[in-house]
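> can't give you the sequence, but here's the structure:
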């Protein structure tokens with residue numbers, strides 16, 4: 001079955017995707033563009049924006065794709081990003097945050113202060129900065145979705161800082177969902193992902209499937225805030241079978 005919605009059910013939606021230039025982010029950006037949304041992807045440089053446009057192919061030239069150069073990794077930077085998006089587009093409807101990284105530096109007892117800052121503090125701060133700046137600005141029609149890995153719930157020896165950071169982001173999502181029950185705040189929990197950078201295995205969830213699931217959750221008001229498991233391609237397809245809208249001719 002196709003994982004791309006062939007109509008434009010999200011026309012007029014204003015979507016923010018920090019981290020959208022990465023492999024998973026590309027799938028999210030592509031799916032929202034196909035669904036007709038305005039998609040804002042803040043980038044660290046014009047070069048990163050150009051790379052994303054090229055990776056997206058023809059749809060990368062869409063006027064619906066906005067690529068401002070903006071640092072959102074601090075509280076002040078995230079506040080400025082939320083304010084700028086509201087001024088330019090009039091509001092924020094959906095946010096997807098595929099911000100993360102991998103670290104395999106050995107046991108926790110051997111980490112350095114630089115390891116701690118890079119693999120835990122900086123990433124957790126980015127997620128917190130974005131959430132506090134953006135969640136109060138959400139219109140309420142869409143979703144706020146963080147992307148986490150299964151390491152948020154399962155320890156990975158030698159990569160403990162990743163597990164700790166992902167667990168912190170997952171708990172942030174759960175607290176936000178409890179504090180903001182009128183808003184749909186999700187955690188998409190991924191297994192290994194097939195992207196343009198990693199070929200992977202056929203049973204791995206693909207970046208395209210992640211994007212399709214996020215768009216389907218945006219469209220489906222009865223998907224309450226919570227964890228959406230996407231450990232495999234089969235789990236993604238099962239979600240889409242339940243929630244993706246029927247194609248409109």
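Structure received. Just so you know, these numbers come straight off a predicted model, no measurement behind them.
> for the spatially closest residue to residue 90 that is not a sequence neighbour, give me phi and psi.
With sequence-adjacent residues excluded and distances taken as C-beta to C-beta, 6 or more residues apart in numbering, residue 90 is closest to residue 14, at 7.2 Å. For the C-beta atoms, the positions are set from N, CA and C on the backbone; glycine is no exception. Dihedral pair for residue 14: phi -110, psi 110, per degrees, to the nearest 10.
> before we move on, what about residue 40?
phi -110, psi 120.
> isn't it up against residue 14?
Yes. Residue 40 lies in contact with residue 14 (C-beta atoms under 8 Å); the separation is 7.4 Å.
> assign a three-state SS to the residue nearest to residue 100 when sequence neighbours are not counted, would you?
Nearest-residue entry for residue 100: residue 123, 6.3 Å, with adjacent residues in sequence omitted and distances by C-beta to C-beta, 6+ apart. Three-state call for residue 123 (DSSP: H, G, I helix; E, B strand; the rest coil): helix.
> count the residues that sit near residue 123.
Applying other C-beta atoms under 10 Å, we find 22 residues neighbouring residue 123.
> pull the contacting residues for it.
99-101, 165, 169 (C-beta atoms under 8 Å, 6 or more residues apart in numbering).
> now residue 182
residue 140.
> for it, give its distance to residue 68.
Here the criterion is C-beta to C-beta, to the nearest Å. By it, residue 182 lies 29 Å from residue 68.
> if I pick residue 39, what's in contact with it?
Applying C-beta under 8 Å, 6+ apart, the residues near residue 39 are 15, 17, 20, 29, 32-33, 64-66.
> ok, it to residue 31 distance?
Residue 39 is 9 Å from residue 31, by C-beta to C-beta.
> next one: residue 115
From residue 115 to residue 31 the distance is 34 Å (C-beta to C-beta).
> more neighbours, the two?
residue 31 (28 against 16).
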